[in-house]
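**Student:** Here is the input, now give the coordinates:
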Amino acid sequence: MDKDTAKVLMREGALFVLLDMPEGSEFGIDYNSWTTGPKFRGVKMIPPGIHFVYYSAQSSNHTSGMRTGFFHNFKQKEMLVKKWDKYNEDIFPGQVSTEEQERLESNIAELDQYLGPYPYDSYKKWVSLTNHITEDLIQHLQPQCGTIYSVAQFESPCSNSKSRQAALTDKSPTQASKDGLPDLTAIAGTEMQFSKIPKKRYPEGATPQEITKHSMDSSYMLETMLQSVYTDNIHSILGEIQFSFVCFLIGQVYDAFDQWKKLVHLLCSCESALNTHNDLFMDFITVLHFQVHEIPEDFFVDIVSANNFLTSTLQEFFSNLENGNGDSKLRQRGIKFREHLTKKFNWDFTSEPDEFAPVVVDT
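**Tutor:** Residues are numbered from 1 along each chain as shown. Presented below is the predicted three-dimensional model:
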């Protein structure tokens with residue numbers, strides 16, 4: 001970071017103060033994480049805008065717990081203060097008292113030595129991964145509790161010795177499953193609120209020919225989402241793709257990867273929509289360009305490349321462009337993106353995907 005940028009961030013940047021975080025815990029913001037030391041109190045010089053803060057406490061056997069985090073839209077010169085709850089090994093919900101907030105604000109000079117500077121060198125990368133995410137979109141997609149957990153949160157019904165005995169004799173099916181173990185239900189308000197992707201691929205009253213067309217072209221499904229979910233800004237679907245990607249890559253939420261995969265496939269399997277939403281698909285290519293470069297290599301091998309998901313999905317997208325869909329500028333960007341992927345990752349977009357390969361029938 002150059003001196004001029006540092007001066008601006010010292011003057012205009014936000015601060016995140018975390019009190020009582022145990023030493024040896026994991027703490028991170030955006031694309032950077034650290035192991036906390038004895039003097040850690042938070043981060044300073046945070047560029048205003050949307051950021052993802054995450055953490056996990058170290059257990060008694062020196063292993064990290066589940067990763068937990070939250071998005072926050074930091075304002076200019078804002079000081080966000082949180083306190084660690086040792087009993088629950090999590091951050092206390094809500095804000096600190098007004099008195100404590102004012103005390104910390106009046107002692108910024110003394111507090112400064114305990115705050116680490118935001119790693120500005122990776123800020124450009126963070127912006128490229130989140131530029132379509134808005135505060136309203138975060139409120140729409142994140143759990144109602146405002147906290148994102150890498151592991152689903154469950155609870156079991158209240159029980160006592162009498163109810164457990166009844167459950168074992170199958171007299172109380174609501175209290176336990178058939179094997180005698182308690183039935184676990186997701187804790188209300190902790191689930192991600194991803195947008196529902198339409199299951200119906202064609203409109204009511206479609207002819208057989210139209211059903212066949214819509215079965216091969218996902219444009220109807222995309223239009224349904226744009227008109228029902230993203231009515232204010234159709235580019236918000238790109239924001240959800242970015243939100244899902246960050247929650248998976250950094251928040252370690254596997255359900256987010258599943259949503260990312262579904263949305264990417266939806267857009268890649270559109271044909272006629274390429275002609276009506278050129279700008280959306282131009283930005284979609286840019287979003288994918290930055291995401292593909294940030295997926296760790298082992299993710300490609302273990303998850304992303306399973307069943308050749310990404311290569312086969314992108315191959316369908318490039319094929320739709322080659323068939324004359326979209327304007328010349330969009331097709332040109334698509335070709336350049338394909339050439340870049342082929343050169344950098346040695347991906348083959350020329351061979352026919354297995355699902356389209358001819359079927360040999362024995363006679």
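**Student:** and Leu19, backbone torsions?
**Tutor:** phi -90, psi 140 (degrees, to the nearest 10).
**Student:** One more: Arg67?
**Tutor:** For Arg67, the backbone dihedrals are phi -80, psi 130 (criterion: degrees, to the nearest 10).
**Student:** Report the contact partners of the closest residue in space to it that isn't next to it in sequence.
**Tutor:** Leaving aside its chain neighbours, Arg67 sits nearest to Ser150 (4.2 Å; criterion: CB to CB, 6 or more residues apart in numbering). All C-beta spots, glycine's among them, are computed from the backbone N, C-alpha and C. Residues in contact with Ser150 (CB atoms under 8 Å, 6 or more residues apart in numbering) are Met66, Arg67, Thr68, Gly251, Gln252, Val253.
**Student:** Which ones among those map onto helices?
**Tutor:** In helices, judged by DSSP state H, none of these are found.
**Student:** I'd like to know how many residues surround Gln95.
**Tutor:** 12 (other CB atoms under 10 Å).
**Student:** swap in Lys199?
**Tutor:** 6.
**Student:** residues contacting the closest residue to Glu100 other than its chain neighbours?
**Tutor:** When the adjacent residues along the chain are set aside, Glu100 lies closest to Val81, with 7.0 Å between them (CB to CB, 6+ apart). With contacts defined as CB under 8 Å, 6+ apart, Val81 is in contact with Val17, Leu19, Gln95, Val96, Glu100, Gln101, Leu104.
**Student:** hang on, isn't the second one packed against Leu80?
**Tutor:** No: with contact defined as CB atoms under 8 Å, Leu19 does not count as touching Leu80 (11.7 Å).
**Student:** higher neighbour count, the two?
**Tutor:** Per other CB under 10 Å, whichever of Leu19 and Leu80 has more neighbours is Leu80, with 20 against 16.
**Student:** which residues does the residue nearest to that one when sequence neighbours are not counted bridge with?
**Tutor:** Among residues not flanking Leu80 along the chain, Phe16 sits closest, at 5.1 Å (CB to CB, 6+ apart). Counting by DSSP bridges, Phe16 forms beta bridges with Val43, Leu80.
**Student:** other SSEs contacting the helix or strand hosting Ala6?
**Tutor:** Assessed by DSSP states H and E, Ala6 sits inside helix 3-12. Judged by 3 or more CB pairs under 8 Å, 6 or more residues apart in numbering; DSSP states H and E, the packing partners of helix 3-12 are strand 42-46.
**Student:** by contact count, what packs against the following helix or strand past the strand it packs on?
**Tutor:** Following strand 42-46 in sequence order, the next helix or strand is strand 49-56 (DSSP H and E). Using 3+ CB pairs under 8 Å, 6+ apart as the contact test, the elements touching strand 49-56 are strand 26-29, strand 68-74, helix 123-130.
**Student:** relative orientation of strand 49-56 and strand 42-46 in degrees?
**Tutor:** Orientation check (axes from the mean of the first three to the mean of the last three CA atoms, to 10 degrees): strand 49-56 against strand 42-46 gives 160 degrees.
**Student:** Mind listing the strands strand 49-56 pairs with, and their directions?
**Tutor:** strand 26-29 (antiparallel), strand 68-74 (antiparallel).
**Student:** Convert the C-alpha atoms of the first one to PDB, please.
**Tutor:** Backbone C-alpha positions of strand 26-29 (Å, rounded to 0.1, in the frame of the first residue of the first chain) are rendered in PDB as follows:
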ATOM      1  CA  GLU A  26      -8.900 -17.900  13.600                       C
ATOM      2  CA  PHE A  27     -10.100 -14.400  12.500                       C
ATOM      3  CA  GLY A  28     -10.500 -13.200   9.000                       C
ATOM      4  CA  ILE A  29     -12.000 -10.500   6.800                       C
END
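**Student:** avg pLDDT for it?
**Tutor:** Taken as a whole, strand 26-29 has a mean pLDDT of 95.
**Student:** in the helix or strand that it is followed by, what's buried?
**Tutor:** Next helix or strand after strand 26-29 toward the C-terminus (DSSP H and E): strand 32-35. Neighbour-count burial for strand 32-35, counted by 16 or more other CB atoms under 10 Å, picks out Asn32.
**Student:** Right, I'll leave it there.
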